[in-house]
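Chemist: my questions are about this predicted structure, shown below with the sequence.
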Amino acid sequence: MTITVATSKLIDTLTDALQTADDIVGGIHFATQRAPYKSEPGDTDLLVATSTDRYTIGHTWIPVDGDLIPTVWPVESAKTVLAICKSLGRKGDEHTVDIDATAAPPPEEPTEGEHPGWTVTLSETPALFDSDTEFQFHAHAETRFPTAMVHRALSGLLESKEPPEPSLLTQWGANVLAPLVAVAKRRKQPIRLFRQPLTEAHLVQIGDTWLGVAYPIKPLPGEASEEPSVEPILTPPAGAVDELREAIAEMKASGVTVTVDNPRARSRRRSPTPPPRLVPNERAAAVPQEARRDRGVAATGMG
């Protein structure tokens, strides 16, 4: 089975896939699928690359011509292919390469039931380029990659053994954020993180052809999870506290009730009074809207 792919697109795909790849879980899973691509009508042949380092999952796709049987590329082989493609890509934006996969010869001492893997060949498209550039390497069979688990994770179907407790804290390891930042920086797109109700794992979207999953760090028992455990070391400007008190007094005079949730919770802290939550009462309703706006309070109150 052979595919023809734009060299520049393969460079981008390998660059992103390597960010989340690890040989411990096989490497990078490659396969072709027919599916919609951006705004193009109908379905398109797509080369799909998926990788995971156990803490993050990356999943991306590009248009190709042809079919490629599922193969799992070792990380070092993928890096070599990337280096070759970067060299070939200097020949122009229209440059393409062919990727072919054939069954690898069985090992001298085969293990019963184990697939021997695939021999993958990368070459310049012979019909367009007169070149003998070729690189062959051994790729694993699909069974070396946790395809089922990754599919569940990307589909938002993961469930933790115990439902995650509601918390304002989400802890991220640098090793988890680094590949996301690298992909987002190359694509010039924001990182969109989506919480899930049944697991701590977050779905991630970067642009319109990259999906992923990121696993945060669970807080240790007793670790602060509602607010930072340290305070700012910054002296407030002179008169700032007095100005806040005057503003609150003026709002009360206008009929706005000032309340503070759990007022004793921060009594041990030395920082200024936390920002109040303002709730309109019946007197506030009688104050003309224009007057309240003059005082910086909208008609529906501030929350």
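Modeler: Noted; the coordinates are in hand.

Chemist: the residue sitting nearest the centre point of the chain and Pro163, how far apart?
Modeler: The centroid of the chain falls nearest to Val204 when counting by CA atoms, centre = their mean (3.3 Å). Distance, Val204 to Pro163, using CB to CB, to the nearest Å: 21 Å. C-beta: built from backbone N, CA, C; applies to glycine.

Chemist: again, but for Ala101
Modeler: Taking CB to CB, one finds Ala101 at 42 Å from Pro163.

Chemist: before we move on, the earlier item: my read is the residue nearest to the centre of the chain is in a strand, agree?
Modeler: Yes: under DSSP: H, G, I helix; E, B strand; the rest coil, Val204 sits within a strand.

Chemist: list the buried ones in stretch 99-115?
Modeler: Neighbour counts over stretch 99-115 (16 or more other CB atoms under 10 Å) mark 99-101, 104 as buried.

Chemist: redo these as JSON lines? Include pLDDT and secondary structure.
Modeler: Below are the buried residues of stretch 99-115 laid out as JSON lines (pLDDT from 0 to 100; DSSP: H, G, I helix; E, B strand; the rest coil):
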{"residue": "Ile99", "pLDDT": "97", "secondary structure": "strand"}
{"residue": "Asp100", "pLDDT": "97", "secondary structure": "strand"}
{"residue": "Ala101", "pLDDT": "97", "secondary structure": "strand"}
{"residue": "Ala104", "pLDDT": "93", "secondary structure": "coil"}
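
Chemist: would you turn the residues you listed into JSON lines with distance to Thr147?
Modeler: Shown next, in JSON lines, are the buried residues of stretch 99-115 (distance: CB to CB, whole Å):
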{"residue": "Ile99", "distance to Thr147": "20"}
{"residue": "Asp100", "distance to Thr147": "22"}
{"residue": "Ala101", "distance to Thr147": "17"}
{"residue": "Ala104", "distance to Thr147": "19"}
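
Chemist: which of the residues you listed sits closest to Lys185?
Modeler: Ile99 (26.9 Å; CB to CB).

Chemist: which non-adjacent residue is nearest that closest one?
Modeler: Nearest residue to Ile99 in three dimensions, chain neighbours excluded: Ile3, at 5.3 Å (CB to CB, 6 or more residues apart in numbering).
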